[in-house]
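*Asks:* 3D, please:
(one chain, ligands or ions: 1)
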Amino acid sequence: MTLPNFPFKAIQDRWDLEMPRHRRNADISVYREFVARYDPLLSTTEVGKNNAKAVYHRKVGNFAYLEKRFDDALWSYNRSICFAENLSEHLGIGYANRSAIYYDELGEYEKEQLSGKAAAKLPKLLAREANCKERLAGGHSKGTVPLPVVDINVDVNPKIPFMAKGIHMKEFGDMGRGLVAERDFKTGDVILDEKSDLCSLSFVRSFVECAHCGSAFLNSLIPCSLCFAVMYCGEKCREEDLRITHRFECSVVTKLLNVASDNMMMMPRLFFYGLTAFNDNIDQMMKYCLPNAAVGSNPLELDFTHPNPLDVFKVLHQAKPNRNNSNLEHNLKLSATAFYLVFMKNPLVQSIFRTEAQRNFMLRCLLIHGRATSSLLLGRENGDAGFLAALPPVASLINHSCDPNVISVVNSGRIKIIVLRPIQKGDQILTSYAPAWWDEHDGSTLDFDCKCVVCDRGPEGAKWRNAREQKRILSSEATREWIGGGETQDLIKFQRLVQILARDGHHPGKLFGETVKIYYDKLFDEVCAENAKRNRAKVQQIGGN
Ligand SMILES: C[S@@+](CC[C@H](N)C(=O)[O-])C[C@H]1O[C@@H](n2cnc3c(N)ncnc32)[C@H](O)[C@@H]1O
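*Replies:* Residues are numbered from 1 along each chain as shown. Got it, this is the predicted structure:
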């Protein structure tokens, strides 16, 4: 289902064929000259709304529907809705087919209402909408009230209302900036619940989540009215995204899909987020950005009770990634150049970046933002399911450890941080970006050299491994019996178990690892369920009145 990134891949291959290895150290202007020679590869003709394509995707959806593959059917109906020309009957039919799945098959009455409202009020849909209201009134909703069990449950910082009081930022040598606890926290404490201003989706996920806020809407989305590639959870997100970043993307979206490899789209998204925050005043943006790039910043100094996009942009722009990965740097230079050349085909971008100095600035700033976003973004690749990346200024300060003391759940554009094992005053708050030690992980999936205690080859690491060997090992049967076979639905029970195990010295032993694995999965499901209810409530607000 992914759109292949052939042109970008072809440019990467040509670089490898034509350029000697040491040219990877060249300035980005050399990259610009090189990639510009292959400009025809970047100049794919834009694909617009097209009813024939809408019909094709609807048929694919109908086929999946008959086979009861409802998620696949919804995905294809959404592609059909995106391709359908404005005000055409195909738009209405796409919504009608989608709403049938919600009403007849999934019992998602709030979501049917939004589809019904967005459709061209076909008589069939009017009747279905009335039935939905009746079903909702009769108590058939799947739920719109988030579960309180994973809500923030400690005192909050008055200036950062989504973060616990008693957390500060500190420099941690090789790891760079990180968060440190200034008080004790216990297992199950929810210490951060941050919504990201900036999200970026892979093409596959564009028909599942809102391109602006990242909400997972189980496909209850409305399309961009101009292009075929993005959808939104409602009019507000559609307008905001167009105002902030999508106005730069919309007319070159086909070309962008051809060059946006992995989660690189966050690079231009941050750049244009900044340009909008500077009211498109390129001279002011240049004056600020050039001397302040990667000088270091502390997002905890911002007042998030009145968040200001310009301040948010500045702390992200100033972030100082501390990585030394030459392969990544090479790909960032190629990506920044390809993005630059594609965006320069957009008349709006041309009208803002008129002089050579301004265009040069854009190219270099894209690279700066590529370095920052590739280090800071949360929510990594998820195989065939694509990915949603978020850039929350506070949560992205949390460093990695293969022996984490918190769990991060990134879902629906929100990041929750929940304490996994007791944290004491002075401890660094550490999450795991990759599978942790209990998954027999060797750190190889990380794109930096991990400096955590598990990966440490010196005395600290040896002490940690020794402690692990010393723990009492229980047979799997005994473990399963102890934790109730892993079938219990009680999240609180797992929190208590994990806390007791850590307190009684079972961490980092096998029993602790096995319990934590189940706790982690359970917690993840609970947070997703909570977000689904929140999203359903939002749909009800938009579509049900
Ligand atoms: C999400 S950011 C965390 C904040 C970052 N330390 C900063 O100063 O902006 C992730 C980056 O932090 C660094 N980092 C995080 N955990 C690390 C670890 N265990 N060992 C080495 N570097 C780490 C890496 O450079 C990584 O790309």
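*Asks:* what is the burial count for Arg24?
*Replies:* Look at Arg24: counted by other C-beta atoms under 10 Å, it has 18 neighbours. Where C-beta positions appear, they are placed from N, C-alpha and C, glycine not excepted.
*Asks:* what sits closest to the residue in the stretch 101-250 of the chain that the ligand sits nearest to if chain neighbours are left out?
*Replies:* Using C-beta to the nearest ligand atom, the single residue of the stretch 101-250 of the chain nearest to the ligand is Gly176, 2.9 Å away. Nearest residue to Gly176, sequence neighbours excluded (C-beta to C-beta, 6 or more residues apart in numbering): Asn322, at 4.1 Å.
*Asks:* okay, that neighbour and the ligand: tell me how far apart.
*Replies:* Remark: distance between Asn322 and the ligand (C-beta to the nearest ligand atom, to the nearest Å) = 5 Å.
*Asks:* Ser88 too?
*Replies:* Taking C-beta to the nearest ligand atom, one finds Ser88 at 44 Å from the ligand.
*Asks:* and for Asp525?
*Replies:* Asp525 is 24 Å from the ligand, by C-beta to the nearest ligand atom.
*Asks:* now for the helix or strand where that residue lies, which elements pack on it?
*Replies:* Here Asp525 sits within helix 510-543, counting by DSSP states H and E. Judged by 3 or more C-beta pairs under 8 Å, 6 or more residues apart in numbering; DSSP states H and E, the packing partners of helix 510-543 are helix 109-118, strand 406-411, strand 414-419, helix 476-482, helix 491-503.
*Asks:* for Gln424, which non-adjacent residue is spatially closest?
*Replies:* Leaving aside its chain neighbours, Gln424 sits nearest to Asp184 (5.4 Å; criterion: C-beta to C-beta, 6+ apart).
*Asks:* quick one on the thing from earlier: so what's the residue of the stretch 101-250 of the chain closest to the ligand up against?
*Replies:* Contacts for Gly176 (C-beta atoms under 8 Å, 6 or more residues apart in numbering) come out as 320-322, 399.
*Asks:* same thing with Gly461?
*Replies:* By C-beta under 8 Å, 6+ apart, the contact set of Gly461 is 453-455.
*Asks:* count of neighbours near Asn157?
*Replies:* When neighbours are counted by other C-beta under 10 Å, Asn157 registers 18.
*Asks:* so what's the backbone phi/psi at it?
*Replies:* phi -70, psi 120 (degrees, to the nearest 10).
*Asks:* in the sheet, who's paired with it?
*Replies:* For Asn157, the beta-bridge partners are Ile160 (DSSP bridges).
*Asks:* wait, it sits on Ala164?
*Replies:* Yes: the criterion here is C-beta atoms under 8 Å, and Asn157 meets it with Ala164 at 6.9 Å.
*Asks:* quote the end-to-end distance of stretch 215-235.
*Replies:* End-to-end distance of stretch 215-235: 14 Å, with C-alpha to C-alpha, to the nearest Å as the criterion.
*Asks:* okay, the contacts of Gly461 in JSON lines with distance to the ligand, neighbour count and pLDDT next?
*Replies:* Below are the contacts of Gly461 laid out as JSON lines (distance: C-beta to the nearest ligand atom, whole Å; neighbours: other C-beta atoms under 10 Å; pLDDT from 0 to 100):
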{"residue": "Val453", "distance to the ligand": "9", "neighbour count": "18", "pLDDT": "94"}
{"residue": "Val454", "distance to the ligand": "9", "neighbour count": "21", "pLDDT": "91"}
{"residue": "Cys455", "distance to the ligand": "7", "neighbour count": "19", "pLDDT": "91"}
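*Asks:* now, the residues you listed that are in strands?
*Replies:* Using DSSP state E, the subset of the contacts of Gly461 located in strands is empty.
*Asks:* closest to Phe8 out of the residues you listed?
*Replies:* Cys455 (32.1 Å; C-beta to C-beta).
*Asks:* quick one on the thing from earlier: can you say which of the contacts of Gly176 are buried?
*Replies:* Neighbour counting by 16 or more other C-beta atoms under 10 Å classes 321-322, 399 among the contacts of Gly176 as buried.
*Asks:* let me have the residues you listed in TSV, extended by distance to Val253.
*Replies:* Formatted as TSV, these follow (distance: C-beta to C-beta, whole Å):
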residue	distance to Val253
Pro321	28
Asn322	34
Asn399	35
